[in-house]
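Novice: Got a predicted structure plus its sequence, pasted below:
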Protein chains: 6
Amino acid sequence: MRIGIYPGSFDPVTLGHCDLIHRAANLVDHLIIAVLHNNSKQPVFSLTERVDFLSEISRGCSSIEVTAFNGLLVECARQRGAKFIIRGVRAFSDFEYEFQMALTNRKLAPELETVFLMPKEENSVISSRIVREVGMMGGDISGLVPEVLKDRIAARLRNA
Amino acid sequence: MRIGIYPGSFDPVTLGHCDLIHRAANLVDHLIIAVLHNNSKQPVFSLTERVDFLSEISRGCSSIEVTAFNGLLVECARQRGAKFIIRGVRAFSDFEYEFQMALTNRKLAPELETVFLMPKEENSVISSRIVREVGMMGGDISGLVPEVLKDRIAARLRNA
Amino acid sequence: MRIGIYPGSFDPVTLGHCDLIHRAANLVDHLIIAVLHNNSKQPVFSLTERVDFLSEISRGCSSIEVTAFNGLLVECARQRGAKFIIRGVRAFSDFEYEFQMALTNRKLAPELETVFLMPKEENSVISSRIVREVGMMGGDISGLVPEVLKDRIAARLRNA
Amino acid sequence: MRIGIYPGSFDPVTLGHCDLIHRAANLVDHLIIAVLHNNSKQPVFSLTERVDFLSEISRGCSSIEVTAFNGLLVECARQRGAKFIIRGVRAFSDFEYEFQMALTNRKLAPELETVFLMPKEENSVISSRIVREVGMMGGDISGLVPEVLKDRIAARLRNA
Amino acid sequence: MRIGIYPGSFDPVTLGHCDLIHRAANLVDHLIIAVLHNNSKQPVFSLTERVDFLSEISRGCSSIEVTAFNGLLVECARQRGAKFIIRGVRAFSDFEYEFQMALTNRKLAPELETVFLMPKEENSVISSRIVREVGMMGGDISGLVPEVLKDRIAARLRNA
Amino acid sequence: MRIGIYPGSFDPVTLGHCDLIHRAANLVDHLIIAVLHNNSKQPVFSLTERVDFLSEISRGCSSIEVTAFNGLLVECARQRGAKFIIRGVRAFSDFEYEFQMALTNRKLAPELETVFLMPKEENSVISSRIVREVGMMGGDISGLVPEVLKDRIAARLRNA
């Protein structure tokens, strides 16, 4: 069984993430969405909120699970038996950091393979940072986050 | 009448900004220089200082006005009737962020067009950050900021 | 009156070009689409075909004209009174060459300003080269070229 | 069963390609190495040679097959039931063209997913073009191509 | 005598830095490793630690000295008689910032030449930031920092 | 004695090349300008012309010599005792190809160090290709090539 892990901060989850999750779920037999707990930048959404949002949008997909992790991604992957790390390449994303992380992870755990997938063009511009900036200023985040979560994310950002 | 808006932090205004303002003023009938008020990074120069500096260098140009704004750029543009957002593309600037913002603004306000202009090569290397770093260490900022503002900016940075 | 010039090979015109033409027409009062005659790479479509295709899609827009040119773009622009050169920046286009040309044109004709516009994301991936490659192999070019020209372009490419 | 297709010119196969093939074979259940027949640039090695070289290095791997193809990659993938197109991302490779092709292939066949894998750093600099340039000038191509093919490739390039 | 200066934060020194130091020492007659004192980001290692680590790995090389500096790099270079600023270009490093700094330094001190060298591929992915992130999470930093300093750096990061 | 080699096609020499030569001559004790003979692209200027032009502009500099070479650069460098390969990094130059060549040359000859220097911003946009395109269309190449060679280069290009 091929197990993949899709790590991130998901602060909050965006339509870009959803696009990637859908693609990744086709590539592997079991997909672990791993929410980074201890990132140095203080997240706007709590770990519980971020995990809950992801659980809600992947409800009903038995091949997808959501988990939180702390520490090194490669340790988390090893403990869970994942062999593939899933990452998105966006039109204008930060390739450098992505590849630097992928090569560092390979140094730390050569048996893990980082796999890059491409979201739809219209989703490739969306980032959590953009969602936060637009939401905090009261802008409309429709089309940036999953419809089912839109109101809750918008409300939280207005009060952040 | 074509109205353009040139947004930024202008912390402080540089010769690179002046170059862009000059070019943008030729492209549109009325140019609004919009100084971002609520940027999360704490600016070194106060909003008043930043607006005053820009007003001083555009004095005498009736087609240019300087304003401060708070919140979403696209809201500011809509209220002012601007149809064009002006941005500079520098040799080594952060294309990714520029294009990501431009595409996000298009999602939020499809009727607004982002227009990219190129400063002179010798000005394309100048950024407010570089001015601040050089000035705070007591370096000479001639050729980086408008001559008429040089002494005031240098004095402020030495004491920042 | 602001006159802009949008140069290219248009071999053949794509939906990406159409997108740019539409945006450029809003930015200037008169837009000249300038089809490059003497490009060293042998085009697949004749100069007449390329001009005709562009004329057909801009029919009815009195502010747009299509012309062929030979020699230096800046000479063509000067003769026609154009002050703005319009170019597209695509997500994955060749920035280097674009900016190199823009800076060279500025050396040759400092009074001309190159203005960069961004097509819609879904159009930003389309290039004439991709259209030619897909069409010559008998692939479906719907969504890559204007609907009204699709059959003619496809037929020509199948026999190229 | 997950079927992947790894397309290319392989003119000639390099250690960079071998690296990718090895990684791709772990990701899918069946891997088709598809050698492009009709590429416009005249290849140095014949189609037969290129297919033979790849067959030789994948001998004994029952999950890998080598085939030649003509026309559109997406047609080839569809006929063979492949759902994943495998591509390498090299440190300094041409991202633009890769992503442009991936997005075009998605337009033509939305059910196909392009998956990007990263070769080892030391292999990421190797390209067929570099092998050809070095080999044609009589340079040592050890460490650039598979050891078992080195002498044959070198001999062919010296006489090319 | 050609004097070069290799500036940085070295927080902490990595194998990537060591690679560069070795190459730079071949290029100039005397190499000054200049440790930046007053960088705005609070370093994890103290200035004394960072200087000591560098001194330890360059012990025995009479043509290399380690120094701390405060203020503008170009002032430090001038005082020490250095004519060459040495910088590394890594596969995925931030070219933009590197070149922007180099061009700014040239504005401030036209007689200084910035020289870019390339580390080995396997070292090009290593950055101080990656070392800090891996070390703080208790990961193995072998192969990322000099062997002789590994235990001390690891111990410090675990307690940071 | 430090010997450097600056390779290229120089078809024709530009002000960008002159800028690099001047900088490189300060970095090494002896500089060899190596004109590539057998490049696959048919040059516009003959090997003799290209060597003559370079000899003329470096006349009087006893530390600079001009030579033609055939085959692998690293072989040429070894025969001449050069330890440093000099290359320019231009604002918008093709980093990828430059670094790919540098890493390949390191594979072939690990004892050779590739050193990157930056031309002045205003020269960084100039390429031989741009000179040829402008000159062949009868454009003014002042400011693109050395003044002393301008008329001869312009005349040759008009008749190319």
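Specialist: Here it is on my side, so go on. Residues are numbered from 1 along each chain as shown, chains lettered A, B, ... in the order given.
Novice: only C-alpha atoms for contact and neighbour calcs from this point on.
Specialist: Fine.
Novice: Quick one: residues in contact with stretch A:56-66.
Specialist: A:18, A:25, A:29-35, A:51, A:54-55, A:146 (C-alpha atoms under 8 Å, 6 or more residues apart in numbering or on different chains).
Novice: In helices, which of those appear?
Specialist: Counted as lying in helices by DSSP state H, out of the contacts of stretch A:56-66, are A:18, A:25, A:51, A:54-55.
Novice: Work out for me the element A:Thr48 sits within.
Specialist: Element membership for A:Thr48, per DSSP states H and E: helix A:47-57.
Novice: I'd like the average pLDDT over that helix.
Specialist: The average pLDDT within helix A:47-57 is 97.
Novice: how distant is that helix from the center of its chain?
Specialist: Relative to the centre of its chain, helix A:47-57 is centred 11 Å away, using C-alpha atoms, centre = their mean, to the nearest Å.
Novice: and what of stretch A:132-140?
Specialist: 20 Å.
Novice: May I have it as PDB, with CA atoms only?
Specialist: What follows is stretch A:132-140, C-alpha atoms only, in PDB (Å, rounded to 0.1, in the frame of the first residue of the first chain):
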ATOM      1  CA  ARG A 132      -5.700  36.000   5.800                       C
ATOM      2  CA  GLU A 133      -4.800  39.500   4.400                       C
ATOM      3  CA  VAL A 134      -8.100  39.700   2.400                       C
ATOM      4  CA  GLY A 135     -10.200  38.300   5.300                       C
ATOM      5  CA  MET A 136      -8.700  40.500   7.900                       C
ATOM      6  CA  MET A 137      -9.500  43.600   5.900                       C
ATOM      7  CA  GLY A 138     -13.100  42.400   5.400                       C
ATOM      8  CA  GLY A 139     -12.700  41.400   1.800                       C
ATOM      9  CA  ASP A 140     -14.800  38.700   0.200                       C
END
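Novice: By neighbour count, which bits of it are buried? Give me those.
Specialist: Across stretch A:132-140, burial judged by 16 or more other C-alpha atoms under 10 Å in any protein chain shown covers A:132-136, A:138-139.
Novice: repeat for stretch A:62-77
Specialist: Neighbour-count burial for stretch A:62-77 [16+ other C-alpha under 10 Å]: A:64-69, A:71-74, A:76-77.
Novice: quick check, nearest of those to chain D?
Specialist: Proximity of the buried residues of stretch A:62-77 to chain D (C-alpha to the nearest C-alpha) peaks at A:Ala77, which lies at 16.0 Å.
Novice: Count the residues that sit near the nearest residue to that closest one once chain neighbours are set aside.
Specialist: Take A:Ala77 and drop its neighbours on the chain: the residue closest to it by C-alpha to C-alpha, 6 or more residues apart in numbering or on different chains is A:Ile5, 6.7 Å away. Applying other C-alpha atoms under 10 Å in any protein chain shown, we find 30 residues neighbouring A:Ile5.
Novice: could the ones in helices among the contacts of stretch A:56-66 go into JSON lines alongside distance to D:Phe84 and neighbour count?
Specialist: JSON lines is the format used below for those (distance: C-alpha to C-alpha, whole Å; neighbours: other C-alpha atoms under 10 Å in any protein chain shown):
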{"residue": "A:Cys18", "distance to D:Phe84": "19", "neighbour count": "18"}
{"residue": "A:Ala25", "distance to D:Phe84": "13", "neighbour count": "18"}
{"residue": "A:Val51", "distance to D:Phe84": "29", "neighbour count": "23"}
{"residue": "A:Leu54", "distance to D:Phe84": "26", "neighbour count": "24"}
{"residue": "A:Ser55", "distance to D:Phe84": "27", "neighbour count": "17"}
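Novice: Grab the two from the contacts of stretch A:56-66 that are most spread out in space.
Specialist: The most widely separated members of those, counting by C-alpha to C-alpha, are A:Asp29 and A:Pro146 (23.9 Å).
Novice: quick one, which of those two is more surrounded?
Specialist: Neighbours were counted for A:Asp29 and for A:Pro146 using other C-alpha under 10 Å; A:Pro146 has more, 19 against 13.
Novice: measure the residue lying closest to that one once chain neighbours are set aside to D:Ser62 for me?
Specialist: Leaving aside its sequence neighbours, A:Pro146 sits nearest to A:Leu15 (C-alpha to C-alpha, 6+ apart; 5.7 Å). Separation of A:Leu15 from D:Ser62 (C-alpha to C-alpha, to the nearest Å): 39 Å.
Novice: For A:Ala109, give me its contacts.
Specialist: A:Ala109 is in contact with A:Val74, counting by C-alpha under 8 Å, 6+ apart.
Novice: Can you read off the pLDDT for it?
Specialist: In this model, A:Ala109 is scored at 93, pLDDT.
Novice: do A:Phe92 as well
Specialist: Note for A:Phe92: predicted pLDDT of 49.
Novice: Equivalent analysis for the one 3 residues further on, please.
Specialist: Among the per-residue scores, A:Phe95 holds a pLDDT of 61.
Novice: sorry, back to before: and the helix or strand where the residue nearest to A:Ala77 lies, how far out from the chain middle?
Specialist: Per DSSP H and E: A:Ile5 is located in strand A:3-8. On the basis of C-alpha atoms, centre = their mean, strand A:3-8 sits 8 Å off its chain's mean C-alpha point.
Novice: Residues touching that strand, excluding its own?
Specialist: Residues contacting strand A:3-8 (C-alpha under 8 Å, 6+ apart): A:21, A:24, A:28-36, A:73, A:77, A:81-87.
Novice: Repeat the analysis, applying 7 Å as the threshold.
Specialist: Residues outside strand A:3-8 that contact it (C-alpha atoms under 7 Å, 6 or more residues apart in numbering or on different chains): A:28-36, A:77, A:81-87.
Novice: quick one: average pLDDT of it?
Specialist: Per-residue scores along strand A:3-8 average to 96.
Novice: now stretch A:26-36
Specialist: Across stretch A:26-36, pLDDT averages out at 97.
Novice: Show me what counts as buried in that stretch.
Specialist: For stretch A:26-36, by 16+ other C-alpha under 10 Å, it's A:27-28, A:30-36.
Novice: Would you mind listing the buried residues in stretch A:1-17?
Specialist: Applying 16+ other C-alpha under 10 Å to stretch A:1-17 flags A:3-17 as buried.
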